[in-house]
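Engineer: Have a look at this prediction, sequence included:
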Amino acid sequence: MSEDVLVVNNLQTAFDTDSGRLTAVDGVSFTVPAGKTVGIVGESGCGKSVTAMSIVQLLPQPAGVITGGEVIFKGANLIGADDETLYGVRGNEIGVIFQEPMTALNPVHRIGKQLSESLILHKGLSKKEAWEESIELLEMVGIPSPEMRVSEYPHQLSGGMRQRVVIAIALACKPDLIIADEPTTALDVTVQAQILDLLKKLQKEHGSSVILITHDLGVIAETCDEVVVMYAGRVVEQAPVENIFKNPQHAYTKGLLASMTKLETPRKSELKTIPNMVAGIADFVPGCRFCQRMEQEGMTLEVRPEFKEVAKDHWVEACPLCTDHA
Amino acid sequence: MNLLEVNNLKMHFPVHGGVMSRVVGAVKAVDGVSLTINKGETLGIVGESGCGKSTLGKAIVRLTKPTEGSILLNGIDITHMSQGHLRPLRKQFQMMFQDPAESLNPRMSVGEIITEPMLIQKIGNAVSRREKAIKLLERVGLPASAVDKFSFEFSGGQRQRVGVARAIALQPELLVLDEPVSALDVSVQSQVLNLLMELQEEMGIAYMFIAHDLAVVKHISDNVAVMYLGKIVEMADADIIYKNPKHTYTKALISAIPIPDPTVDRERMILDGDVPSPINPPKGSAFGHRLNHPAYDETIGLDMPLVEIEPGHWVAADPCCLGAEDYAKVREMV
């Protein structure tokens, strides 16, 4: 039955800068099955947020340009779609949860007004109906005394509460796909646990699919069904969550898993690291970019490795030096 | 003798209100904290945002003037010392901040940033200071050529290395690290943590390591103190506090850490709500209030001191947050 809600095919996104056009997302492909949670993990600057924002075409303008590929949402390609179609999709069929609850909410409007906005626009509710519905939404995301909170301003709420409001806005129109861009990064661990729990519960109730972007492998392990590992603008590995943790194939995934500080690592022992750092976006090689970081030389830097399926549903960028799949 | 001894430290900030801007209350950011750090050891401080952990760090290095209590460094009371008298002592203790982008002056070259503490302490001349800066850069894993560059030319991890180089320039005995790796990516985080552990081994620096990432704190610390609303609620050896936490808040914090293993399925303890405001804190057990504990009313006005329940394991004598057996035990000791 599992139909794919979203298929991203060879997506390419670039930014026009003073030093020319820089490709931030370089041929990214993955699929999101109905009702599943797909995690996108990678270090800062790997293009995970740009990938997400390209799906809903909310890139900074005029610098951000989608230069190629397809984003097929429920059978229709969103790339090249007209503004009308996109207005109908964004906030309605695709809900977005942004990272900073501080900046995602408008400080001069009441919570209720911000929640009502998409309900009035997409569902055609009257102002009064939308206000009532907003109260219900706040209750759904676990905000105490919602009838009072609905007429408050964002600054009157704590960080965790604000993030709940952002989630309520994203879920207002019962979207088929939720894109959550680092939804818990700015929050404390205890509040993070609350929010992840809430997301899971709501996803179960609505049957939505979720794309969860994070740099925290712990969060991935606890919430995702599928994992997409990104490095330097590309997907280096994609697999079901158990495979990523139990049987990682790419050297970068292995390095990332090894360098995490875990509770059971012996105290004060030397931590595993990935040497060096990601190259600047302007210096990316056409070939394997993890080889570039590891200061390898030769052909692997010249030719982009093939992205291939090495086991069922387990895809990897098959660099001969970074994997066993040449 | 302990390197650092803090007794009943309080850091209250006045709240002004009304037309005359009179003092109408106080934010009790740090409210009666006592702790000690031995030479060459690490004390980790964990807690949620707003629990007062950064304020505690700043008060200890005397960036602020504590309201009450005392801070003894090598037996010398620095609590009320003037900044002028403190200056020669500052060689012994340094602080390093969370955000390397904001704590390094963008108008100064890396060399100037690292040599500034030496300049203030009137150590060496321009040539010898520059040589020292290059040595320090190499020690923290940066090329010597970095000395003439500016901090914005570096990545986050490299900038934090510059911060480390500046902090160790005077060979301090105590370094207060306020969230030193939380702004960094995982793979870079472990590089910086390794560097900090190596330096401790080499130079015998004691660390006060403030962070919200419990796995990181546990890894680097000898002892860990858990703070909630301006107070320490539990303090013990790092391994013991994770294996055998006594206080409900410590248990809740540990249970909230996401485990990077998809096959582990566990019952999470989900806390409701947030940390209450330190302007108007609950009158009784602060955490009992958040838990809506039935025994909360009994704790109003009750003195709940830290008690050494087992050798080296301290916990607040709070009836809402301890098991019945533990509470009976600490009650006898009060």
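Structural biologist: Sure, I can see it.

Engineer: What is the least confident helix or strand in the chain?
Structural biologist: Answering for chain A, as no chain was given. The helix or strand of chain A with the poorest confidence is helix A:101-104; it has a mean of 79 (mean pLDDT, DSSP states H and E).

Engineer: hmm, I had chain B in mind actually
Structural biologist: helix B:100-103 (a mean of 80).

Engineer: How many neighbouring residues does the residue of the stretch 151-300 of chain A found nearest chain B have?
Structural biologist: Nearest residue of the stretch 151-300 of chain A to chain B (C-beta to the nearest C-beta) works out as A:Gly218 at 3.0 Å. Where you see a C-beta, it was placed from the backbone N, CA and C, and this is true even at glycine. Summarising burial for A:Gly218: neighbours were counted as other C-beta atoms under 10 Å in any protein chain shown, giving 18.

Engineer: For the least confident helix or strand of chain A, give me every contacting residue.
Structural biologist: Under the contact criterion C-beta atoms under 8 Å, 6 or more residues apart in numbering or on different chains, helix A:101-104 has outside partners A:98, A:154, A:159, A:162-163, A:165-166, A:186.

Engineer: Which pLDDT value does the model give the residue nearest to B:Ala215 when sequence neighbours are not counted?
Structural biologist: Nearest non-adjacent residue to B:Ala215, counting by C-beta to C-beta, 6 or more residues apart in numbering or on different chains: A:Thr261, 4.6 Å away. Listed pLDDT for A:Thr261 reads 86.

Engineer: which element is A:Thr261 on?
Structural biologist: Using DSSP states H and E, A:Thr261 is not contained in any helix or strand.

Engineer: now the nearest residue to B:Met203 once chain neighbours are set aside, what's its secondary structure?
Structural biologist: Once flanking residues are discounted, B:Met203 sits nearest to B:Gln171: 6.3 Å by C-beta to C-beta, 6+ apart. Following DSSP: H, G, I helix; E, B strand; the rest coil, we place B:Gln171 in the coil state.

Engineer: So B:Gln171 versus chain A, what's the distance?
Structural biologist: From B:Gln171 over to chain A the distance is 21 Å, taken as C-beta to the nearest C-beta, to the nearest Å.

Engineer: now do B:Gln92
Structural biologist: For B:Gln92, the distance to chain A - C-beta to the nearest C-beta - is 23 Å.

Engineer: Could you confirm whether the least confident helix or strand of chain B reaches chain A?
Structural biologist: No. Using C-beta under 8 Å from any C-beta of the partner chain, helix B:100-103 never reaches chain A; the gap is at least 12.5 Å.

Engineer: residues in contact with the helix or strand hosting A:Ile179?
Structural biologist: Assessed by DSSP H and E, A:Ile179 sits inside strand A:177-181. Contacts of strand A:177-181 from elsewhere in the structure, counted by C-beta under 8 Å, 6+ apart, are A:5-6, A:32, A:49, A:52-53, A:55-56, A:73, A:93-99, A:170-171, A:199, A:203, A:208-213.

Engineer: If any of those are buried, put those into a ChimeraX selection.
Structural biologist: In ChimeraX, the members of these classed as buried (16 or more other C-beta atoms under 10 Å in any protein chain shown) are selected with the following command:
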select /A:5,6,32,49,52,53,55,56,73,93,94,95,96,97,98,99,170,171,199,203,208,209,210,211,212,213
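
Engineer: can you tell me which of the contacts of strand A:177-181 are in helices?
Structural biologist: If you go by DSSP state H, those have A:49, A:52-53, A:55, A:170-171, A:199, A:203 in helices.

Engineer: Among those, pick out the one closest to A:Val316, please.
Structural biologist: Nearest to A:Val316 among these: A:Ala52, at 21.8 Å, using C-beta to C-beta.

Engineer: Show me what from the stretch 1-150 of chain A comes close to chain B.
Structural biologist: Contact residues, the stretch 1-150 of chain A versus chain B (C-beta under 8 Å from any C-beta): A:43-44, A:144.

Engineer: Could you rank those residues by neighbour count and give me the top one?
Structural biologist: Among these, the one with the most neighbours (other C-beta under 10 Å) is A:Glu43, at 20 neighbours.

Engineer: In chain B, where's the longest helix?
Structural biologist: Identified as the longest helix of chain B according to DSSP H is helix B:186-203.

Engineer: Now do that helix: distance to the chain's middle.
Structural biologist: With C-alpha atoms, centre = their mean, to the nearest Å as the basis, helix B:186-203 stands 17 Å off its chain's centre.

Engineer: mind listing what the helix or strand just after that helix pairs with, with the direction of each?
Structural biologist: Downstream of helix B:186-203, the first helix or strand assigned by DSSP H and E is strand B:206-210. Strand B:206-210 sits in its sheet next to strand B:42-46 (parallel), strand B:174-178 (parallel), going by DSSP bridges.

Engineer: Could you check the angle the last one makes with helix B:186-203?
Structural biologist: It stands for strand B:174-178. 170 degrees (axes from the mean of the first three to the mean of the last three C-alpha atoms, to 10 degrees).

Engineer: So which residues lie in contact with strand B:174-178, not counting its own?
Structural biologist: Outside strand B:174-178, the residues that touch it by C-beta under 8 Å, 6+ apart are B:3-4, B:37, B:54, B:57-58, B:60-61, B:73, B:92-98, B:167-168, B:196, B:205-210.

Engineer: quick one: which of those sit in helices?
Structural biologist: Those of the contacts of strand B:174-178 mapping onto helices are B:54, B:57-58, B:60, B:167-168, B:196, per DSSP H.

Engineer: Name the residues of the stretch 51-200 of chain B found near chain A, please.
Structural biologist: So far as C-beta under 8 Å from any C-beta goes, the stretch 51-200 of chain B lies against chain A at B:155-158, B:185-191, B:193-194, B:197.

Engineer: how about a cut-off of 7 Å?
Structural biologist: Applying C-beta under 7 Å from any C-beta of the partner chain, one finds that the stretch 51-200 of chain B approaches chain A through B:155, B:157, B:185-188, B:190-191, B:193-194, B:197.

Engineer: Redo the residues you listed as JSON lines? Include neighbour count, pLDDT and distance to A:Asn247.
Structural biologist: Putting these into JSON lines (neighbours: other C-beta atoms under 10 Å in any protein chain shown; pLDDT from 0 to 100; distance: C-beta to C-beta, whole Å) gives the following:
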{"residue": "B:Ser155", "neighbour count": "17", "pLDDT": "83", "distance to A:Asn247": "31"}
{"residue": "B:Gly157", "neighbour count": "20", "pLDDT": "86", "distance to A:Asn247": "29"}
{"residue": "B:Asp185", "neighbour count": "23", "pLDDT": "84", "distance to A:Asn247": "24"}
{"residue": "B:Val186", "neighbour count": "21", "pLDDT": "84", "distance to A:Asn247": "20"}
{"residue": "B:Ser187", "neighbour count": "24", "pLDDT": "83", "distance to A:Asn247": "20"}
{"residue": "B:Val188", "neighbour count": "24", "pLDDT": "85", "distance to A:Asn247": "26"}
{"residue": "B:Ser190", "neighbour count": "24", "pLDDT": "91", "distance to A:Asn247": "22"}
{"residue": "B:Gln191", "neighbour count": "23", "pLDDT": "91", "distance to A:Asn247": "26"}
{"residue": "B:Leu193", "neighbour count": "23", "pLDDT": "94", "distance to A:Asn247": "27"}
{"residue": "B:Asn194", "neighbour count": "17", "pLDDT": "95", "distance to A:Asn247": "27"}
{"residue": "B:Met197", "neighbour count": "19", "pLDDT": "96", "distance to A:Asn247": "31"}
